[in-house]
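Peer 1: Let's see this in three dimensions:
(2 chains, ligands or ions: 5)
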Amino acid sequence: MPRPEHKTIQLTIDGREVTAREGMMLLDAAKHGDIEIPYFCYQPKLGNPVGACRMCLVEIEGIPKLQTSCSTPVKDGMVVHTETDRVRHAQNAIVEFLLVNHPLDCPVCDKGGECPLQDITFGWGLGRSRFIEPKRHFVKPLALSPLIAIDRERCILCYRCVRFSQEISEDYQLVFAERGADTLVATHDGHPYVAPFSGNIVELCPVGALTSRPYRFRARPWDNEGAGGICTLCPSQCNVELTVRDEKVMRVLARDHPEVDDGWLCDKGRFAYQSIHVDERITAPLARDGGSLREVSWERALELAGGLARHKGHVGALVGGQATNEEGFLLQRLLREGLGSNDIDSRGGGPVDVELARALAAPSLQASVPDIEFAHTVLVLGCEPLDDAPIIDLWIRKGVRRRGVQLAVASSRPSALDVNATFTVRYPPGAEAGFLAELDAALAGGDAPQDRRELASLLREVGEDVVILWGERLGAQALPALLSIAGRLGLADRPGAGLLEIPCGANGRGLREAGAVPDAGPGYRAVDAPGRGAAEIAGAAADGDVHALYLFQTDPVRELPDRGLWEQALHRASLVVAHASVLTEGLREHANVIFPAESYAEKEGTIVHPDGRLQRLRQAIAHPEQVRAGWSVLVDVARAVGQEMDVLTSSMAFAQLLAAVPFYEGLTLEAIGGRGLRWPAREQARAFPGGARPQAPGSEASDGRDAPAASDGQLRLGTYRPIWAAPEVEISPALHFAVAEQQLELSPRDAARLGLGHGETVVVAQNGKQLRAKAAVRTGVPPGTAFLAEGIAAQSANALTEPFVEVRKP
Amino acid sequence: MSPYDPGEDVIEVIRAPAPGPIRGAYRVFGETLRGLKTTFARIVEGPTTIQYPEEKTPVYPRFRGRHKLHRFEDTGLEKCVGCSLCAAACPADCIRVVAAENTPEHRISAGERYAAVYEINISRCIFCGYCEVACPFDAITMGHDYEMSDYTRSDLIFTKEMLLAEPIERTPLRAEGE
Ligand code: SF4
Ligand code: SF4
Ligand code: SF4
Ligand code: SF4
Ligand code: FES
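Peer 2: Ligands and ions are numbered 1, 2, ... in the order given. Next up is the predicted model:
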């Protein structure tokens, strides 16, 4: 649904004239008019109010009884009183009532000091109770999940956590068990509440009933400082507030951004901060000495990295998704200017022709995140938002539930959003290009299979505002067809419609704009001699044509497809320089020099959200031990190879980036500020190469080549990257229970044919390579297909390169 | 005449006797004798000098000296639950509390949490006693000891062990009515 229009109206609260939007709740209107009404259960993020706590009672003229202001919409000319004796009496009574069973153990309660119940009791309570009977008692504290502790004595039954589980994350796990005076919050069958967004209920709970276990008793609000930051563990780039005590990150809270994260965080972002302060983190420069890595001084490490100068023209570089724009920009300068090579890549989904990349990134074609909520139709294409950018999953759920968005899911792997979708279509893994070509043909009115035609008519008929959410993992071959589909649907012409790409890396978009791709410099400027992409770098290094590799916060053995080839490449390379914070396999075996990398809590720089929003990372804590800023290390490495970058601060690097990217023109760090700025929405976006509107590239649309057919008994292999597949998760003690293990998703029919049961260990083999996995029988998986996780620590599917696998019992 | 009328606010200044031989002699002897009268009148009261450190001034029971942390007498558990309220109340910001969780095998305090670290930087403390007032468990009180000087600043950071230890009572209390 397109964004609704709003009228403004006037009402009187406590004798004050207040202007409000029609349909707004009275409580919000009062807040805008600077009048405070106490409340517990109301939380606009959770959707419609429930009126459970009765704390927000007010007197409205013309209505005999007191009304709950959280669930009364404002009307023109309404006259409201919030401070009469009747209201005060009611407020006193409600506070007394809510405290009937409350243990008042504030001194040992983690919420103490930031607790609405404390504040409201102090501000609106009478300060005494007539209740002398015994209170209800529970065993406490109990683990609701490995991450959350529940103290049922403190619960005031406000429904917030239950509503979150039922209506926001839609995992339907939390319920109110029992009734009346025995009501308690629980999962319906007593299992632990494990869900990708569970941590949000800790922040929602207005009392200390739900608290974070990793944060348990770590600090008090007055011990802490809050530091605004951006989570860079996935492309959603949620705005977070880091709670810092003694230069350590103690917890991560949401810093509500209504156009980025809607105030939610996933559990990876909320709890993987622990990886910043663990022993496994690399905090000093390391160099290989006689086969093993040893700590060395910065001078020594830089001198060794200076050896890159001996390989001029034969250096390849990979940039990980957590790098900032400045780091990507400086690294491409180092490579292009200092080391005479264009072999730099930050993409995870294969090389994309520069013109096509420009056309897909054209400003007019970009949908913003809130567009998902207000679109007529959203098409999720070739990605799983829950794994690839979890917060987008919540945005889609919100759109479908509250705004009547029609959702279509087209993917090879069954998606968590299937149940919310109006239309679902599956294609075999590897057949993305073919599928899109058919959909394109269907949209053109041509001949196409039935389900493609149905999808086409859904996209056409519901409304013009169509948002296509696609993943970089779709693969480069599918992109010409995607561009043509966008053209046929006229996505560039409507402000509420467009494409939204989920890149593989958190800052994938920013790194491309900063020029960390082989065939384009900063701002998608074409380069004279396009370099090699990641896969080609691997090949060239394995062949000995690339002699040295620069790995900036990435380990290709772990992150990129074809692990075997990368191992060979790293083995053959005579110098491997890396920036890393975790010693992943490839680095442990092959890196010659490792610089300790910063965590996102230490970085200073900018990143770009998939919808084009530039966001700023600010340093929240001091660099631990010997860690140094990434940009300054790059400048020093450049100096060691004889290149002067002229960068003394991170903002000087930003200024250089700004000068190099025409469509960033006129931006300043102040203008980006704490909330970010979408560059495609600016006037200067016209300076985008090829103009603001997408230019169809000369290259022909894909031939619609389908994936080859399976030979006997084999299963077609698709891969996905689980939400937990990150080194940060593996080294965070609180998330140990969640570390992704390899599992083979297969259909019940194939499982029956192979005689496999759910949870059994299986061997997946291909071309002499094998790995072990747990069988996971999933009804949504199309027969003949199987899915394995990639990017995980052990038994990762990155090792497999062919489209088919054989599955058998061990 | 001053430009405005000072009204009632006029102060009369008593001046010393004007110069001259008689008045000068009075200044030398008369005033001195007047002072000595007070001095000699005190002789009968005996000396009041206290020979510190051999001798110590007794303090009132509510005197606010070196802090003490307490344990429950029956169980021996620490009264402090590490709630940090004292740290919040402290105007000199000299208390640092890091809490941790009690486990059944390792029980330190009576509540769910205990103070794993409890430090008072005595060199900063202004002995206001707000910490004592803030504490919901009477876990911290101000003792009577005022002899806390030391040679290094770091020795003036009192740890939980030091504050929990039975303090050496070196300070005599002032008796009732004294
Ligand atoms: S929830 Fe709030 S009021 Fe209740 S014990 Fe905790 S801090 Fe106190
Ligand atoms: S646990 Fe917290 S959020 Fe949930 S109902 Fe109780 S008070 Fe509300
Ligand atoms: S006496 Fe006052 S200054 Fe000293 S620790 Fe207590 S609150 Fe702080
Ligand atoms: S001394 Fe009292 S106020 Fe201070 S942390 Fe311990 S229990 Fe809390
Ligand atoms: S806030 Fe209105 S009833 Fe709870």
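Peer 1: Okay, now the sheet partners of the lengthiest strand in chain A, with direction.
Peer 2: For chain A, the longest strand by residue count, based on DSSP state E, is strand A:769-777. Strand A:769-777 pairs in its sheet with strand A:743-746 (parallel), strand A:761-766 (antiparallel), by DSSP bridges.
Peer 1: The longest one: which residues count as buried?
Peer 2: Pointing back at strand A:761-766 there. A:762, A:764, A:766 (16 or more other C-beta atoms under 10 Å in any protein chain shown). C-beta coordinates here come from the backbone N, C-alpha and C atoms, glycine included.
Peer 1: got the contact list for it?
Peer 2: A:717, A:744, A:754, A:756, A:770-775, A:786, A:788, A:800-802, A:804-810 (C-beta atoms under 8 Å, 6 or more residues apart in numbering or on different chains).
Peer 1: Just the CA trace of stretch B:5-19, in CSV.
Peer 2: The C-alpha trace of stretch B:5-19 is given here as CSV (Å, rounded to 0.1, in the frame of the first residue of the first chain):
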residue,chain,number,x,y,z
ASP,B,5,21.9,59.1,51.2
PRO,B,6,23.2,56.0,53.0
GLY,B,7,20.3,56.0,55.4
GLU,B,8,20.5,53.5,58.2
ASP,B,9,23.6,51.8,56.7
VAL,B,10,26.1,54.0,58.3
ILE,B,11,28.8,52.2,60.2
GLU,B,12,30.7,54.0,62.9
VAL,B,13,34.3,53.1,63.0
ILE,B,14,36.0,52.9,66.4
ARG,B,15,39.5,54.3,65.9
ALA,B,16,42.7,53.6,67.9
PRO,B,17,43.8,56.3,70.3
ALA,B,18,45.4,59.2,68.4
PRO,B,19,49.2,59.5,68.5
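Peer 1: Run the chain-centre distance for that stretch.
Peer 2: How far stretch B:5-19 lies from its chain's middle: 42 Å, per C-alpha atoms, centre = their mean, to the nearest Å.
Peer 1: Could you tell me which residues within it count as buried?
Peer 2: Buried positions in stretch B:5-19, judged by neighbour count with 16+ other C-beta under 10 Å: none.
Peer 1: thinking again about what came up before, buried among the contacts of strand A:761-766? Make that a ChimeraX selection.
Peer 2: Buried residues among these (16+ other C-beta under 10 Å), as a ChimeraX selection:
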select /A:717,744,754,756,770,771,773,775,786,788,800,804,805,806,807
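Peer 1: Up against ligand 3, what does chain B have?
Peer 2: Contact residues, chain B versus ligand 3 (C-beta under 6 Å from any ligand atom): B:89-92, B:94-95, B:120, B:125-131.
Peer 1: Which ones among the residues you listed map onto helices?
Peer 2: Using DSSP state H, the subset of the residues of chain B next to ligand 3 located in helices is B:89, B:130-131.
Peer 1: who wins for neighbours among the residues you listed?
Peer 2: residue B:131 (25 neighbours; other C-beta atoms under 10 Å in any protein chain shown).
Peer 1: hang on, the earlier thing: counting contacts, what elements does the helix or strand following the longest strand of chain A pack onto?
Peer 2: Next helix or strand after strand A:769-777 toward the C-terminus (DSSP states H and E): strand A:785-789. Counting contacts by 3 or more C-beta pairs under 8 Å, 6 or more residues apart in numbering or on different chains; DSSP states H and E, strand A:785-789 is packed against strand A:715-720, strand A:743-746, strand A:804-808.
Peer 1: Name the residues that touch the shortest one?
Peer 2: Taking C-beta under 8 Å, 6+ apart as the criterion, the residues outside strand A:743-746 that touch it are A:413, A:715, A:754, A:756, A:762, A:764, A:773-778, A:781, A:785-789, A:807.
Peer 1: The first one now?
Peer 2: With C-beta under 8 Å, 6+ apart as the test, strand A:715-720 has contacts from A:384, A:387, A:412-413, A:428-430, A:707, A:710, A:746, A:750, A:766, A:784-790, A:797, A:800, A:802-807.
Peer 1: Repeat that for stretch B:106-123.
Peer 2: Contacts to stretch B:106-123, defined as C-beta under 8 Å, 6+ apart, come from residues A:105, A:107-108, A:141, A:217, B:66-67, B:69, B:72, B:75, B:77-83, B:94-102, B:148, B:153, B:156-160, B:163.
Peer 1: what's the answer for stretch B:136-156, then?
Peer 2: A:106-107, B:53, B:59, B:63-70, B:78-81, B:83, B:85-86, B:121-123, B:127, B:129, B:131-132, B:163, B:167-171, B:173.
Peer 1: Name the residues of that stretch that are buried.
Peer 2: Neighbour-count burial for stretch B:136-156, counted by 16+ other C-beta under 10 Å, picks out B:137, B:139-140, B:142-146, B:156.
Peer 1: re the thing from before, out of the helices and strands packed on strand A:785-789, which is closest to ligand 4?
Peer 2: strand A:743-746 (46.7 Å; C-beta to the nearest ligand atom).
Peer 1: Show me how far that closest one is from its chain's centre.
Peer 2: 24 Å.
Peer 1: Nearest to ligand 1 among the residues of chain B next to ligand 3?
Peer 2: Once C-beta to the nearest ligand atom is applied, the member of the residues of chain B next to ligand 3 that ends up nearest ligand 1 is residue B:89, at 16.5 Å.
Peer 1: wait, doesn't that closest one sit right on residue B:132?
Peer 2: No: between residue B:89 and residue B:132 there is no contact under C-beta atoms under 8 Å: 9.2 Å.
Peer 1: Over stretch A:285-304, what's the mean pLDDT, rounded is fine.
Peer 2: Across stretch A:285-304, the average pLDDT comes to 94.
Peer 1: Now do it: distance to the chain's middle.
Peer 2: With C-alpha atoms, centre = their mean, you get 34 Å for stretch A:285-304.
Peer 1: what's the answer for stretch A:25-38, then?
Peer 2: 33 Å.
Peer 1: what do you get for stretch B:60-69?
Peer 2: On C-alpha atoms, centre = their mean, the centre of stretch B:60-69 falls 8 Å from the chain's centre.
Peer 1: Could you see whether chain A lies near that stretch?
Peer 2: No: Stretch B:60-69 is not in contact with chain A by C-beta under 8 Å from any C-beta of the partner chain; minimum separation 15.0 Å.
Peer 1: pLDDT on that stretch, on average?
Peer 2: Averaged over stretch B:60-69, pLDDT sits at 92.
Peer 1: Is ligand 4 within reach of that stretch?
Peer 2: No: legend: contact between stretch B:60-69 and ligand 4 by C-beta under 6 Å from any ligand atom is lacking; minimum distance shown is 6.6 Å.
Peer 1: Now do the end-to-end distance for that stretch.
Peer 2: With C-alpha to C-alpha, to the nearest Å as the measure, stretch B:60-69 spans 20 Å from end to end.
Peer 1: Buried ones in that stretch, by neighbour count?
Peer 2: Neighbour-count burial for stretch B:60-69, counted by 16+ other C-beta under 10 Å, picks out B:63-69.
Peer 1: Secondary structure added to those residues, as CSV?
Peer 2: What follows is the buried residues of stretch B:60-69, written out as CSV (DSSP: H, G, I helix; E, B strand; the rest coil):
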residue, secondary structure
B:63, coil
B:64, coil
B:65, coil
B:66, coil
B:67, strand
B:68, strand
B:69, strand
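Peer 1: what's the closest of those residues to ligand 4?
Peer 2: So of those, ranked by how close each gets to ligand 4 (C-beta to the nearest ligand atom), first place is residue B:69, at 6.6 Å.
Peer 1: Over to the nearest residue to that closest one once chain neighbours are set aside: give its phi and psi.
Peer 2: Residue nearest to residue B:69 in three dimensions, not counting chain neighbours: residue B:163, with 4.3 Å by C-beta to C-beta, 6 or more residues apart in numbering or on different chains. Main-chain torsions, residue B:163, degrees, to the nearest 10: phi -80, psi -30.
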